[in-house]
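Asks: 3D model of this:
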Amino acid sequence: MSPFAALLSLPLLVAQGGPAPDLKQLADQLAHGIRAHQNDDGTYGAGLADTCRVLDALGRSPRRYTDLDGPFIRRAAERVAASRPDPATDALVALALAGSLTRPHVEARDAAVARLLEPGARPGFERALALATLRPDVKPSGSATAGDPALACLLASDPASVAAPPVADVEAWTRWARAALLRGVTPSAQPAPPEPKPDASLTELVAALETVDVLSGLKRPAPGSSAGAPPAATVEKPARVAAPHDLAAALERAWTFLEAHQHDGTFGLELGGWDGAEPGITALDLSAACWLAERLGRERPKWIDQGLDYLVSLQKPDGAIALHGLDVYTTSVAIEALQAGGREGDRPVIERARQYLVATQSDEGEGYSLESDPLYGGIGYGGDERPDLSNTQMALEAATRAGTPAGDPLYAKALVFLERCQNLGERTALEWPRPGGGTLVSGTDGGATYMPGNSFAGEIDRGDGTWQARSYGSMTYALVKSYLFCGLKPDDERVAAAVRWLGRNFTVETNPGYAQPSEGAQGLYYYYLALARTLSALPGEFRGEDGQSIAWREQLVDKLLREQRVDGSWINDGSPRWWEGAPTLCTAYALLALQAAGA
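Replies: Predicted coordinates for the structure are as follows:
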């Protein structure tokens, strides 16, 4: 995944006035706020009912949190699963544990559902909802209470005949809309996304997340659709530069592009009709501009300092440098830009940003357990509660650049997460329950995945009830680079196994590892940057499976020169996913890859 796959979570781009709230980002903010209300014993609110409601809302959120996601889910699920069976709470327990994957929680859920199916089980909305969610093959019995359209929708033979509550009554509409979606009815009208106050109570936060869950369900792409594709209104793609391809001329064209597309030193996505300043894009383009000015022997223009000032102005009290969320990504690339700027006055800003990245690691400080939590030691977006290898490698690189000492616990904890992202079962045999059934296990090819047991490149069905998350190029380069930041040597078996995977699968045409070759265009320019920075950090020759040396620098530079547009930009033609249809993003990736390749 691209660091600005992250831009999947950017606010929706609109034509007037700037960004509107994105549901995934809003859900992340609400989940982060809810997590802050967890009690010392793992529960939420005043008891079982509140805890069940929290787990239900988090499990249905856009990220589909499960009991493998960390202590904010796991500890609450443990308390719910251990609760005394009670006809008054069976439906709540079943809904709370609906997405559970670990055996004790699954058994508690299934036992609660079985009790709901017994003759004489207490009727009502929660029972009907639990059965519609977990046993849609069973038609719930009962009669709708007057004035309860949600229950009526669950029980009616024709759910479309049940009138929806007015959208102004958000609580009633949310309750009904959840039932309607389960019955295959799509609401024709919907309320605006909620806007909870900063001091919102747990009850208010959960209610807001329940509404967001329904709204995101209405917008969820159908299976097989191009999730993450940019809006229909995309930039025009200038023609590629004709042969012959000259590096010096290519760099001059790229400089012209950056000059023309900066606005007082800031850069935007230039997609979807809104082009306001975006901190992550700005930081990447400023880093590229600092190198390019030096490489071309140009005096640094005033707008670079204006852009750096803009990044500094965004620093939050906790040290993060961000505006639209995605705090880890934007803070990481902002550190790189400020370091490239080389301004003495920015040192304290960089140090506060470094401290933020270190503090964001999922470890004991947030209640994560080395033994119980598969995501221990990783780093996520900063507020989404789910670490991944892409965020982790970005944070490790930035924190290392900013001077984190080699012996810092950051690295030892990160190694735990990195190993769990590697398909190296002969060293670390890991198993996870698989959503949808079966078991996810470590592979043995040495490559890396996006998260432990999770890969954007898909899965491999091993035919015995076990599945392997597919290794793919960008994450395997990210893994090797991260291992090096954590102090491992190139001859360490973990590094060597990953490098062998890269040698077997080396290409500059696609991001290798996807089940379908056509999918290999996804995140291609992010892949180029990861490739260049990783291979330039490895000593000696990089060799393929046949033992022959691979001239990766020459191949990469040639590929990038052939892909440049006449206006000096680069654009991913093969896939707009993760916003690589944006020239301001791909151009930064391409230039920084050229820098790493020594162009």
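
Asks: rest of the way, CA atoms for contacts and neighbours
Replies: Fine.

Asks: Flag the shaky bits of the stretch 101-250 of the chain, pLDDT-wise.
Replies: By pLDDT under 70, the weakly predicted segments of the stretch 101-250 of the chain are 141-146, 220-236.

Asks: can you give me the helices in it?
Replies: Along the stretch 101-250 of the chain, counting by DSSP state H, counting those that start in this stretch, helices occupy 103-116, 125-134, 149-155, 170-182, 202-219, 247-261.

Asks: most tightly surrounded among those helices?
Replies: Of the helices of the stretch 101-250 of the chain, the one with the most neighbours on average (mean count of other Cα atoms under 10 Å) is helix 149-155, at a mean of 25.

Asks: ok, residues contacting that one?
Replies: 124-125, 128-129, 132, 139-145, 159-160, 162-165, 172, 175-180, 183 (Cα atoms under 8 Å, 6 or more residues apart in numbering).

Asks: chain center to it, what's the gap?
Replies: Chain-centre distance of helix 149-155: 35 Å, with Cα atoms, centre = their mean, to the nearest Å.

Asks: now swap in stretch 520-536 and tell me
Replies: Worked out by Cα atoms, centre = their mean, stretch 520-536 lies 18 Å from the chain centre.

Asks: next one: stretch 411-420
Replies: Stretch 411-420 sits 18 Å away from the centroid of its parent chain (Cα atoms, centre = their mean).

Asks: Mind exporting the C-alpha coordinates of that stretch to CSV?
Replies: Written as CSV, here are the backbone C-alpha positions of stretch 411-420 (Å, rounded to 0.1, in the frame of the first residue of the first chain):
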residue,chain,number,x,y,z
TYR,A,411,13.3,-0.7,17.1
ALA,A,412,13.1,-3.8,19.3
LYS,A,413,9.3,-3.5,19.4
ALA,A,414,9.0,-2.8,15.7
LEU,A,415,11.0,-6.0,15.0
VAL,A,416,8.2,-8.0,16.5
PHE,A,417,5.7,-6.5,14.1
LEU,A,418,8.0,-6.7,11.1
GLU,A,419,8.6,-10.4,11.7
ARG,A,420,4.8,-11.0,11.8
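
Asks: Give the buried residues for that stretch.
Replies: 411, 413-420 (16 or more other Cα atoms under 10 Å).

Asks: Filter these down to just the ones in helices.
Replies: 411, 413-420 (DSSP state H).

Asks: from memory Arg79 sits against Tyr44, does it?
Replies: No. The criterion here is Cα atoms under 8 Å, and Arg79 misses it with Tyr44 at 10.2 Å.

Asks: Looking at the two, which one has more neighbours?
Replies: Tyr44 (24 against 17; other Cα atoms under 10 Å).

Asks: For that one, which residues are in contact?
Replies: Residues near Tyr44 by Cα under 8 Å, 6+ apart: 37-38, 50-51, 54, 76.

Asks: One more pass at 7 Å, please.
Replies: Tyr44 sits next to 37-38, 50-51 when contact means Cα atoms under 7 Å, 6 or more residues apart in numbering.

Asks: Highest neighbour count among those?
Replies: Thr51 (24 neighbours).

Asks: Just confirm it contacts Asn39, I think it does.
Replies: No. Thr51 sits out of contact with Asn39 when judged by Cα atoms under 7 Å, with a separation of 9.9 Å.

Asks: Return every residue with contacts to both of those two.
Replies: Between them, Thr51 and Asn39 share no contacting residue, judged by Cα under 7 Å, 6+ apart.

Asks: quick revisit: so of the contacts of Tyr44, which ones are in helices?
Replies: 50-51.

Asks: Now do the strands in the stretch 451-599 of the chain.
Replies: 459-461, 466-469 (DSSP state E, counting those that start in this stretch).
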